[in-house]
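A.B. asks: after the sequence you'll find the predicted model.
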Amino acid sequence: PVYFRTALGRSAQSFAQVVDAMKRGGVALQQAVSEALAKAGQYIRRERDFTGVSFEVKQPPIADPAKLVEDIDAVTDVLGEIVRFSAAMKTRVQGSTAQTQTQIDMTDFASVVHNQVSQLLLAAKAEHLVNDAIAAVKKGEKPLITVSNTMESFLDHYVTDNGIKPGQEIKLRWNELLKFALERTLRVTEKQPNGDTEIYTVDPDEFGLGDYYRQIQSMADAVESRFPVSPIDYIVQKLAKAGIRMSELTGRTSGIEYRNFETGEGIYRVFPRANKNRIVNGFNNGDVEGMLLNASGSTGLSAHASVEFKDKRPRHMEIGQAPADINVFMQTLGRIKRTGMVSQGTNPDGSKYGAKYTYMVLPLQAELRPAAMASRKMKSLNAKSGSAVPSPVAGSTCRGSTSTTRSACCSGRWTRTRRPAPTTPRRQTR
């Protein structure tokens, strides 16, 4: 390993011992090693300067927190039962045949349930993201809303299994989503001796699980969720009704054109994959007020308030879903904070800014825990690039929550701790 060829190699007898020490020492040891190697001229640290950039971890105002928990639990309770049913069904089907698991297989719902949970949480804060985007535009900012899930795969399966064609009506609420997810657990994929694959559906009654299956169906029917099944379509179309034009850079090619947000009624639409350059150019030229993007827009584009772009309004990134991969997350943040950024926004204290971030987190453990984990990962990454200084984007719940770093002040602005100049010149990452 490259690191073991530096002075770090003299700190232990084997690289495995170095790895073990790093794990035990955590962020503090990473900071110390980074500083020592830089002073020895063996390590070039690169970091983006976030001085003066606001990064706020925000809990949206919830009129009835108890109702929010009740609505979320109503869906997750059913999802939990589907996970248990799926495991039991898979065990009984595979135990009823002499064929091996490589010949007959069923998807374990536990391996995909996180997608539904993530989509549910995004749906629960969709209205808050819409309100924040409207507020940003009124302040003279250009909002960028980031998400991870598009729900396109589920939608494609749903319309295929139900024979819904483009342009036809569709009614999709969480009741239908849950029942469809339950139905998919009955699908069996069997590999034939000649190499062909056969897909068919089994009857839960034949395996003694019919009553359990119908019980879960009844639970799904009883769910009364007001959250949209397709939050991306909800956000974009809600903003359009408010007169805010949004472009989308997610890579999906299908969605729902809502007619009634409350009942989930709309038209199933398909559309060509968006041209990345055209979308970004339109955003930077002022053809649209905002943009919604996922990991497909996390690299290779500049969406900052650049001196070279026609639209120089400050950018405001609203993080609806943070990517699980911390590297993708950091790349996403860098879309609006780049070299050549101009600062035409004005803070209440009179200072100027060109970019700001709001990480929206619901007051639920399912949201707070991933946010804390992302914060720790960012602190770890920063320890390797910036040594002793916590990154301004390492997480702050300054406005109304618990601060995760000491450098966050009450206004949500960030200050920098002074440190000795490094031995090796630091270059800015593009």
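C.D. replies: Looks like it arrived, so ask away.
A.B. asks: low-confidence regions, the stretch 301-430 of the chain specifically.
C.D. replies: Applying pLDDT under 70 to the stretch 301-430 of the chain flags the ranges 376-430.
A.B. asks: where along it do the strands fall?
C.D. replies: With DSSP state E, counting those that start in this stretch as the criterion, the stretch 301-430 of the chain has strands at 315-319, 345-346, 352-353, 355-360.
A.B. asks: now the last one: how far from the chain's centre is it?
C.D. replies: The reference is to strand 355-360. Relative to the centre of its chain, strand 355-360 is centred 14 Å away, using C-alpha atoms, centre = their mean, to the nearest Å.
A.B. asks: go on, the second one?
C.D. replies: Put simply, strand 345-346 sits 28 Å off its chain's centre (C-alpha atoms, centre = their mean).
A.B. asks: packing partners for it?
C.D. replies: strand 352-353 (3 or more C-beta pairs under 8 Å, 6 or more residues apart in numbering; DSSP states H and E). (C-beta placed from N, C-alpha, C; glycine too.)
A.B. asks: cool, and the first one?
C.D. replies: Identification of packing neighbours for strand 315-319 by 3+ C-beta pairs under 8 Å, 6+ apart yields helix 126-138, strand 142-146, strand 355-360.
A.B. asks: give me that answer again for 10 Å
C.D. replies: Applying 3 or more C-beta pairs under 10 Å, 6 or more residues apart in numbering; DSSP states H and E, one finds that strand 315-319 contacts strand 54-58, helix 126-138, strand 142-146, strand 290-293, helix 326-333, strand 355-360.
A.B. asks: go through the fifth one and flag the buried ones.
C.D. replies: Within helix 326-333, the residues scored as buried using 16 or more other C-beta atoms under 10 Å are I326, V328, F329, M330, Q331, T332, L333.
A.B. asks: can you lay out those residues as JSON lines showing distance to G210?
C.D. replies: Putting those into JSON lines (distance: C-beta to C-beta, whole Å) gives the following:
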{"residue": "I326", "distance to G210": "45"}
{"residue": "V328", "distance to G210": "43"}
{"residue": "F329", "distance to G210": "44"}
{"residue": "M330", "distance to G210": "49"}
{"residue": "Q331", "distance to G210": "48"}
{"residue": "T332", "distance to G210": "46"}
{"residue": "L333", "distance to G210": "50"}
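A.B. asks: return the member of these nearest to S306.
C.D. replies: Nearest to S306, judged by C-beta to C-beta, of these is L333 at 16.4 Å.
A.B. asks: of the helices and strands packed on strand 315-319, which is nearest G41?
C.D. replies: helix 326-333 (26.1 Å).
A.B. asks: output the closest one as CSV, nothing but the C-alphas.
C.D. replies: Output in CSV follows, covering the C-alpha atoms of helix 326-333 (Å, rounded to 0.1, in the frame of the first residue of the first chain):
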residue,chain,number,x,y,z
ILE,A,326,-20.4,9.8,1.1
ASN,A,327,-18.2,10.4,-2.0
VAL,A,328,-21.3,10.9,-4.2
PHE,A,329,-22.7,13.2,-1.5
MET,A,330,-19.6,15.4,-1.5
GLN,A,331,-19.6,15.4,-5.3
THR,A,332,-23.2,16.6,-5.2
LEU,A,333,-22.5,19.4,-2.8
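A.B. asks: hmm, back to that, ranking the strands of the stretch 301-430 of the chain by burial, who's on top?
C.D. replies: strand 315-319 (a mean of 26; mean count of other C-beta atoms under 10 Å).
A.B. asks: which one of the helices and strands packed on strand 315-319 lies nearest to T339?
C.D. replies: Closest of the helices and strands packed on strand 315-319 to T339 is strand 355-360, at 12.3 Å (criterion: C-beta to C-beta).
A.B. asks: quick one: strands adjacent to that closest one?
C.D. replies: In the sheet, strand 355-360 lines up against strand 54-58 (parallel), strand 315-319 (parallel) (DSSP bridges).
A.B. asks: please tell me how far S351 sits from V83.
C.D. replies: Counting by C-beta to C-beta, to the nearest Å, the gap from S351 to V83 is 50 Å.
A.B. asks: of these two, which one has the most company?
C.D. replies: V83 (18 against 11; other C-beta atoms under 10 Å).
A.B. asks: helix or strand for D211, which one?
C.D. replies: D211 belongs to helix 210-222 when assigned by DSSP states H and E.
A.B. asks: for the record, mean pLDDT for that helix?
C.D. replies: Averaged across helix 210-222, pLDDT comes to 96.
A.B. asks: so what touches it?
C.D. replies: Residues outside helix 210-222 that contact it (C-beta atoms under 10 Å, 6 or more residues apart in numbering): 74-75, 77-82, 84-85, 88-89, 174-183, 185-186, 203-205, 207, 209.
A.B. asks: put the alpha carbons of that helix into PDB.
C.D. replies: The C-alpha trace of helix 210-222 is given here as PDB (Å, rounded to 0.1, in the frame of the first residue of the first chain):
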ATOM      1  CA  GLY A 210     -53.000 -17.700   2.800                       C
ATOM      2  CA  ASP A 211     -54.500 -16.300   6.000                       C
ATOM      3  CA  TYR A 212     -51.400 -14.400   6.700                       C
ATOM      4  CA  TYR A 213     -51.300 -13.000   3.200                       C
ATOM      5  CA  ARG A 214     -54.900 -11.800   3.400                       C
ATOM      6  CA  GLN A 215     -54.300 -10.300   6.800                       C
ATOM      7  CA  ILE A 216     -51.500  -8.100   5.300                       C
ATOM      8  CA  GLN A 217     -53.800  -7.200   2.400                       C
ATOM      9  CA  SER A 218     -56.300  -5.900   4.900                       C
ATOM     10  CA  MET A 219     -53.700  -3.900   6.800                       C
ATOM     11  CA  ALA A 220     -52.600  -2.300   3.500                       C
ATOM     12  CA  ASP A 221     -56.200  -1.400   2.600                       C
ATOM     13  CA  ALA A 222     -56.600   0.300   6.000                       C
END
